[in-house]
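In: Turn this into a structure:
(2 chains)
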Amino acid sequence: MSKMRYSRRTLLKTGAAAAASTLAAPMVWAQEIKDITLRQFGTGVSNLNDVATKVKEDLGFNLEMTALDSDSVTQRAATQPDSFDIADIEYWICKKVWPTGNLQAMDASKIANYDNIAGTFRSGKLTPESVIAQGTAPHTVGFVEGPGSTKFATDESGWMTLIPTIYNADTLGIRPDLINRPIDSWAELLNPEFKGKASILDISSIGIMDMAMVCEAMGEIQYGDKGNMTKDEIDKTFAIFTAAKQNGQFRAFWKSFDESVNLMASGEVVIQSMWSPAITAVKSRGVPCVYQPLKEGYRSWGGGLGLSASLSGMELEAAYEYINWYLSGWVGGYLMRQGYYSAVPETSKEFMTENEWGYWYEGKAATGVITSPTGDQLAVAGDVRDGGSFTDRMGAVACWNSVMDENQYMVRKWNEFIAA
Amino acid sequence: MRKPRDFIAYLQAAPLMAVLLAFLIAPIFMIVVVSFWGATEFSIYPAFQFDNYAFLFGSPVTYKVFFATFKYAIITWAFTLAIGFTVAYFLAFHVRTQAMQTALFLLCTIPFLTSNIIRMISWIPFLGRNGIANQALISWGVIDEPLEWLLYSDFSVILAFVHLYTLFMVVPIFNTMMRIDKSFIEAAYDNGATGLQTLWHVIVPLTKPGIMIGTIFVVTLVMGDFITVRFMSGSQKANVGRLISNDISLLQYPSAAATAVVLLCTVLIVIGLLLRFVNIRKEL
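Out: Residues are numbered from 1 along each chain as shown, chains lettered A, B, ... in the order given. All right, here's what the predicted structure looks like:
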């Protein structure tokens, strides 16, 4: 069944992409655009209803958002290609989903801000001196060889798989009031001091990376590439974590954002893998919580918008308009005020106050109150962002979320770990 | 005369048959078929291979998880039976008026008017480290340190199961108890049986069909559950349902299907064994 669809999809996609490049439709007609509805789905982080409202206001067409967890997103992108127009997925998901042919490559020349997209997503280097981190670095799956190709290109080929939208550097979240001492290493997650008060996320592809950061920091395992482990490395990693689990190190594992917030805010857990907005959510309940920078560096992730292979004609043009609008600054400003980074940071500057830009991007002390996009107070004058500036944080990425060659083996071991 | 009557009978049974075919037999058949298929990371392909079963039976995790599933089922069954039987006994034999019986019975069902997810999750803040249970125990001076095992443990999982499924035991047992002819009990007393003897030799044997129906409900519900185990154990424990749901979320449909087939067979065997003890149809 899937093989049949594979070839049909490939044909369709080639056809659609060819049509799109030859018929250079200049502008979409204003009155017709009102009837267009683009269906976008993705993880909760960027599927915001505020964005849909603003799209309607600025561009005139409708955007329908569906938010799902990472596993469901992968599942949907891989198995239900006709259920969406725009997929808001992470780069490691892209590596998994692209070979199904359910997405079509984008013509970089139609992206107005292409040259301003952060280097991380194009050459892989944030600054010319940057070292490329391990794992599925976005630039390695960011381009394909041409329209219709299912092979990732090694350079900036002009055909993008995803247009990067947001990304961030993840680390451990801690409760400073319940720990009362400085934490500076990933190894602390398995420190017996926090027995029964630690947690890790139960999403295998991300959890394994956090585990690897911990094992490496403990000096137990030296990985060739954390993002692409050998079976032996996978076995060793799980052996360490299974032993810790059986010793009662973990209070719980979490799978969804709100679970991580509740675990931390209720004091069930004092140290755990966490995502940036979850820290914000804990803080906005008046509970102290720090997104602790660690000496080994960050585990990073990036997301982007991909176009469904079945998009064509007017809808495809609308999708390009949407992407150009997405990179033009308003969304970036919105997301940066949540603690993420936008793919084209410069354009967001006009949509943020100087105080906000200084706090979120430049790592400067806030000169006034910092509020989230929904109005909750996050910081007062004098506070500095955990981890500092954009280049400090994104420059210290140790690995990217990834899918390994031994993924199926890893997934089975993960299942065993949960059952252990 | 026989032929047309047979035909009409088949015709009368046809709608139900069609529904069962479409929504029960066909999906199960599909699951069995898919359990022999192969999977790559992002797709499944038709095949006839025993890889999924080989892996399933070759992994020590499978046995451990099936053992955990049975453990949850048996412990939950014992508690729901004890509580369910007591509640039903009280309703059937101690409450005199029928109006009061109905009122109390409805009272039992009130918690079931809310979603079972809500009922389950409301245990979490109650049992947590800084939850109401621990705070109360500490302020009473019963304990000095919060009890860690109250939440995210086998205890909390079984507590939630018992809370969720006891009614499924109460209803059928109450129902059979109401049909017991009161003169049997009078006869037992007249013959000098003690209360306990009457309970054990008269009431329990006559309530067996109800106990059996309740048992089937509870055992199948607990064995097929995955969400209670996930939430109440904080993903720390696993049963077969969680194994299946993990596989599904990782796009390993054939492997999930194989596990489902094995689970289905196990549950059917359990029910088959239960039905050997009591012939429900004969005794109803």
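In: list the buried ones in the helix or strand hosting residue A:415?
Out: Element membership for residue A:415 (DSSP states H and E) is helix A:407-419. Buried residues in helix A:407-419, defined by neighbour count with 16 or more other Cβ atoms under 10 Å in any protein chain shown: A:407-408, A:410-419. Bear in mind the C-beta positions are built from the backbone N, C-alpha and C, glycine included.
In: packing partners for that helix?
Out: helix A:204-218, helix A:231-246, helix B:60-89, helix B:240-249 (3 or more Cβ pairs under 8 Å, 6 or more residues apart in numbering or on different chains; DSSP states H and E).
In: Considering only the stretch 101-250 of chain A, name the residue that lies closest to chain B.
Out: residue A:202 (4.7 Å; Cβ to the nearest Cβ).
In: Chain neighbours aside, what residue packs nearest to that residue?
Out: residue A:253 (3.9 Å; Cβ to Cβ, 6 or more residues apart in numbering or on different chains).
In: With residue A:341 instead?
Out: residue A:167 (5.6 Å).
In: How confident was the prediction at the one you found?
Out: Note for residue A:167: predicted pLDDT of 88.
In: Compute the number of surrounding residues for it.
Out: 24 (other Cβ atoms under 10 Å in any protein chain shown).
In: Surely it touches residue A:138?
Out: Yes - using Cβ atoms under 8 Å, residue A:167 is in contact with residue A:138, at 7.5 Å.
In: Give me the common contacts of those two.
Out: A:120, A:302 (Cβ atoms under 8 Å, 6 or more residues apart in numbering or on different chains).
In: Enumerate the positions of stretch B:187-197 that are buried.
Out: Here stretch B:187-197 shows B:188, B:193 as buried, counting by 16+ other Cβ under 10 Å.
In: Dihedrals phi and psi, the residue in chain B that chain A sits nearest to?
Out: Closest contact between chain B and chain A, by Cβ to the nearest Cβ, is at residue B:234 (2.4 Å). The phi/psi pair for residue B:234 (degrees, to the nearest 10) reads phi 50, psi 40.
In: okay but it is in contact with residue A:251, surely?
Out: Yes - counting by Cβ under 8 Å, residue B:234 touches residue A:251, with 6.4 Å between them.
In: Residue 56: neighbour count?
Out: Since no chain was named, I'll use chain A. If we define neighbours as other Cβ under 10 Å, then residue A:56 has 13 of them.
In: meant chain B actually
Out: Using other Cβ under 10 Å: residue B:56 sits among 19 other residues.
In: Would you double-check that it falls in a helix?
Out: Yes - counting by DSSP: H, G, I helix; E, B strand; the rest coil, residue B:56 is found in a helix.
In: Just the element for the closest residue to residue B:248 other than its chain neighbours, please.
Out: Nearest residue to residue B:248, sequence neighbours excluded (Cβ to Cβ, 6+ apart): residue B:256, at 4.9 Å. Per DSSP H and E: residue B:256 is located in helix B:253-277.
In: contacting residues around residue B:176?
Out: B:206-211.
In: if you skip the residues just before and after it, what's nearest to the residue of chain B closest to chain A?
Out: Nearest to residue B:234 is residue A:252, by Cβ to Cβ, 6+ apart, at 2.4 Å.
In: ok, that neighbour touching residue B:152?
Out: Yes - at 4.8 Å, residue A:252 counts as touching residue B:152 under the criterion of Cβ under 8 Å.
In: who touches both of the two?
Out: With Cβ under 8 Å, 6+ apart as the test, residue A:252 and residue B:152 both reach A:268, B:233-234, B:236.
In: quick one: which of the residues you listed is nearest residue A:91?
Out: Residue A:91 lies nearest to residue B:234 out of the shared contacts of residue A:252 and residue B:152, by Cβ to Cβ, at 29.3 Å.
In: count of neighbours near the closest one?
Out: Neighbours around residue B:234, by other Cβ under 10 Å: 25.
In: who in the stretch 51-200 of chain A is up against chain B?
Out: A:71-72, A:74-75, A:78-79, A:96-97, A:99-100, A:196, A:199 (Cβ under 8 Å from any Cβ of the partner chain).
In: before we move on, the earlier item: report the contact partners of the residue of chain B closest to chain A.
Out: A:199, A:250-254, A:263, B:151-152.
In: Now do stretch A:190-205: distance to the chain's middle.
Out: 21 Å (Cα atoms, centre = their mean, to the nearest Å).
In: got the end-to-end distance for that stretch?
Out: 19 Å (Cα to Cα, to the nearest Å).
In: buried residues in that stretch?
Out: Neighbour counts over stretch A:190-205 (16+ other Cβ under 10 Å) mark A:190, A:194, A:196-205 as buried.
In: Flag every residue of the stretch 1-150 of chain B that's near chain A.
Out: B:41-46, B:55, B:59, B:61, B:64-65, B:68, B:124-125, B:128-131, B:148.
In: Whichever of those residues end up buried, select them in ChimeraX.
Out: In ChimeraX, this line selects whichever of the residues of the stretch 1-150 of chain B next to chain A come out buried by 16+ other Cβ under 10 Å:
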select /B:41,42,43,44,59,61,65,68,124,128,129,131,148
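In: if we can go back for a sec, between residue B:234 and residue A:251, what contacts are shared?
Out: Contacts common to residue B:234 and residue A:251, judged by Cβ under 8 Å, 6+ apart, are A:199, A:263, B:152.
In: tell me which of those residues is nearest to residue B:21?
Out: The closest of the shared contacts of residue B:234 and residue A:251, once distances to residue B:21 are taken by Cβ to Cβ, is residue B:152, at 42.9 Å.
In: For the closest residue to the closest one other than its chain neighbours, give its distance to residue A:53.
Out: Sequence neighbours aside, residue B:234 is the residue nearest to residue B:152 in space, at 3.8 Å (criterion: Cβ to Cβ, 6+ apart). Applying Cβ to Cβ, to the nearest Å, the value for residue B:234 to residue A:53 is 36 Å.
In: Kindly report the same for residue A:112.
Out: Counting by Cβ to Cβ, the gap from residue A:112 to residue A:53 is 23 Å.
In: higher neighbour count, those two?
Out: Shown here are residue A:112 and residue A:53; by other Cβ under 10 Å, residue A:112 has more neighbours (15 against 11).
In: Find me whatever residue is spatially closest to the more buried one, sequence neighbours aside.
Out: Leaving aside its sequence neighbours, residue A:112 sits nearest to residue A:324 (Cβ to Cβ, 6+ apart; 5.1 Å).
In: on contacts alone, who are the packing partners of whatever helix or strand the one you found lives in?
Out: In this assignment (DSSP H and E), residue A:324 forms part of helix A:313-327. Using 3+ Cβ pairs under 8 Å, 6+ apart, the elements in contact with helix A:313-327 are helix A:2-22, helix A:30-33, strand A:37-43, helix A:49-58, strand A:163-170, strand A:298-308.
In: List the buried residues of it.
Out: A:314-327.
In: for stretch A:205-225, same thing?
Out: A:205-218, A:221, A:223.
In: Find the closest residue to chain B in the stretch 301-420 of chain A.
Out: residue A:419 (3.8 Å).
In: out of everything not next to it in sequence, what's closest to that residue?
Out: Counting by Cβ to Cβ, 6+ apart, residue A:419 lies nearest to residue B:238, which is 3.8 Å off, once chain neighbours are set aside.
In: ends of stretch A:152-166, how far apart?
Out: Start and end residues of stretch A:152-166 are separated by 21 Å (Cα to Cα).
In: Next one: the nearest residue to residue A:247 once chain neighbours are set aside, what pLDDT does it get?
Out: Of all residues not flanking residue A:247 in the chain, residue A:195 sits nearest, at 7.1 Å (Cβ to Cβ, 6+ apart). On pLDDT, residue A:195 comes in at 93.
In: Same question for the one 3 residues further on.
Out: Model confidence at residue A:198, given as pLDDT, is 95.
In: quick one: it and residue A:274 touch, right?
Out: No - using Cβ under 8 Å, residue A:198 is not in contact with residue A:274; the gap is 11.6 Å.
In: Looking at the record's assignment, how would you partition chain A?
Out: A:2-167+A:300-347, A:172-296+A:398-419, A:353-388 (automatic domain parsing).
In: chain center to the second one: distance?
Out: Relative to its chain's centre, domain A:172-296+A:398-419 lies at 17 Å (Cα atoms, centre = their mean).
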